[in-house]
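# Below: sequence and its predicted model.
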Amino acid sequence: MENHLNYMKQAISLAVDNVHQQGGPFGAIIVNAKGEIVGKGQNRVTDKHDPTAHAEVEAIRQACQALGTFQLDDCILYTSCEPCPMCLGAIYWARLKKVYYAADQALAATGGFDDAFIYQEINKPYEERKIPFYELDVAEKNAPFETWKSIDAKIEY
């Protein structure tokens, strides 16, 4: 438990430091099975002009580069706040072993970071969303997947 608290305090420290650098109040670290920090991330949305540059995503990117892989199945993520829906998706795609977070969604909302609307939008029919989604039925829509299936020399994920 002591190591968990130490790693979490480091993630929170990254978040606090980031606020002083005009970034968002979020920090994350990724630790491998040996207990080594292999990735760190801070919310870089505004300075990178990138809405996907959340702390968790930044830490995942750094860890993957450091380890030379796209799967982090023996790693643990420590994040200063409960991950948003986008980060949750990234966590599952990276196949992290565990996630520990400090602040929950409700606490983040009181700080001005409320992602409840995204969860609500996900459950709506496509045509009722604030940003509507439309499927275009084109003959070639399956071409990328058929090509993928036909290639023997590929890296499955």
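It's in.
# nearest spatial neighbour of residue 43, skipping sequence neighbours?
In space, and not counting its chain neighbours, residue 43 is closest to residue 24: 3.2 Å by Cβ to Cβ, 6 or more residues apart in numbering. Quick note: C-beta positions are derived from backbone N, CA and C, even for glycine.
# Let me know the secondary structure of the one you found.
coil (DSSP: H, G, I helix; E, B strand; the rest coil).
# Now do the same contact list for it.
Residue 24 is in contact with 18, 42-43, 45-46, 54-55, 113, counting by Cβ atoms under 8 Å, 6 or more residues apart in numbering.
# Go again with 7 Å.
Applying Cβ atoms under 7 Å, 6 or more residues apart in numbering, one finds that residue 24 lies in contact with 18, 43, 45.
# what's the answer for residue 72, then?
30, 60, 63-64, 94-96.
# Same question for residue 18.
Contact criterion Cβ under 7 Å, 6+ apart gives 24-25, 27, 42-43 as the residues in contact with residue 18.
# Now do it against residue 83, distance only.
Here the criterion is Cβ to Cβ, to the nearest Å. By it, residue 18 lies 16 Å from residue 83.
# ok so, going back, would you check how far apart the residue nearest to residue 43 and residue 145 are?
36 Å.
# try residue 88
For residue 88, the distance to residue 145 - Cβ to Cβ - is 25 Å.
# Over to residue 117?
Spatial separation of residue 117 from residue 145 under the definition Cβ to Cβ is 32 Å.
# List the contacts of stretch 90-108.
Surrounding stretch 90-108, the residues in contact under the criterion Cβ under 7 Å, 6+ apart are 4, 8, 12, 56-57, 60, 71-83, 115-116.
# Which of those fall within strands?
Of the positions in the contacts of stretch 90-108, 76-81 sit in strands, assigned by DSSP state E.
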